[in-house]
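In: Provided below are the primary sequence and the corresponding predicted coordinates.
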Amino acid sequence: GENVEQHPSTLSVQEGDSAVIKCTYSDSASNYFPWYKQELGKRPQLIIDIRSNVGEKKDQRIAVTLNKTAKHFSLHITETQPEDSAVYFCAAGAGYSTLTFGKGTMLLVSP
Amino acid sequence: DARVTQTPRDKVTEMGQEVTMRCQPILGHNTVFWYRQTMMQGLELLAYFRNRAPLDDSGMPKDRFSAEMPDATLATLKIQPSEPRDSAVYFCASGRTVADTQYFGPGTRLTVL
């Protein structure tokens, strides 16, 4: 089955800096890669996703890049703000199986 | 803005008691997932259903856990008997297909004393 590795497990940045979280996956058939944000005590919520037919997708301060050859994808957050502090999960899925989630990255943005 | 709902939001019980958690998926979603989240294990997939039929429950301790979908608007997760190690947040999620975007409910925080 699919295996998703996520790094780093914890990331601390200063407000205004950029943050990058990386994930690798094992199943070359995976074609859908969502990212979820989970604030303390809240539910995981989808913030951005990408499908295998594109290499990059942007939404305001967040972007996701995908390298299918190397089987890795990354979340980029620019101009970080304290409200970006949360746990971020990546996931990978193919049409025949459910999503496999990474272990999560705790992002701390200091004012 | 349609959302997955879960009840109860918090449950404190004593070891050995039965616990039932309920989930209402988003209307039109035919796939329902149950996850358990702890600090140590992250998000663990317990079971999932498609069109109310269980597809995979290999993540669930079979001797004490059971999951059902009595109808398209209700999914249940039962623990009997409950143990302190079951203390965690249990999330339900729904989606249009097995591999598509999952939308999570608010979770049930279970504490077993």
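Out: That came in fine, so what should we check first? Residues are numbered from 1 along each chain as shown, chains lettered A, B, ... in the order given.

In: going forward, measure contacts between C-alpha atoms and count neighbours the same way
Out: OK.

In: Those residues of chain B touching chain A, which are they?
Out: B:41-43, B:91, B:98-101, B:103-107 (Cα under 8 Å from any Cα of the partner chain).

In: now those residues: which count as buried?
Out: B:43, B:91, B:98-101, B:103-107 (16 or more other Cα atoms under 10 Å in any protein chain shown).

In: can you redo these as CSV with pLDDT, distance to residue A:68 and secondary structure?
Out: Converted to CSV, these look like this (pLDDT from 0 to 100; distance: Cα to Cα, whole Å; DSSP: H, G, I helix; E, B strand; the rest coil):
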residue, pLDDT, distance to residue A:68, secondary structure
B:43, 90, 25, strand
B:91, 98, 30, strand
B:98, 86, 21, coil
B:99, 83, 18, coil
B:100, 86, 18, coil
B:101, 92, 20, coil
B:103, 96, 25, strand
B:104, 97, 27, strand
B:105, 98, 31, coil
B:106, 97, 33, coil
B:107, 97, 33, coil
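
In: measure stretch A:26-42 end to end?
Out: Terminal residues of stretch A:26-42 lie 29 Å apart, using Cα to Cα, to the nearest Å.

In: what about that stretch and chain B, touching?
Out: Yes: under the criterion of Cα under 8 Å from any Cα, stretch A:26-42 makes contact with chain B via A:32, A:34, A:42.

In: Alongside chain B, which residues does chain A contribute?
Out: A:32, A:34, A:42-46, A:93-99, A:101, A:103-104.

In: Now do the contacts for residue A:94.
Out: A:29-32, B:99 (Cα atoms under 8 Å, 6 or more residues apart in numbering or on different chains).
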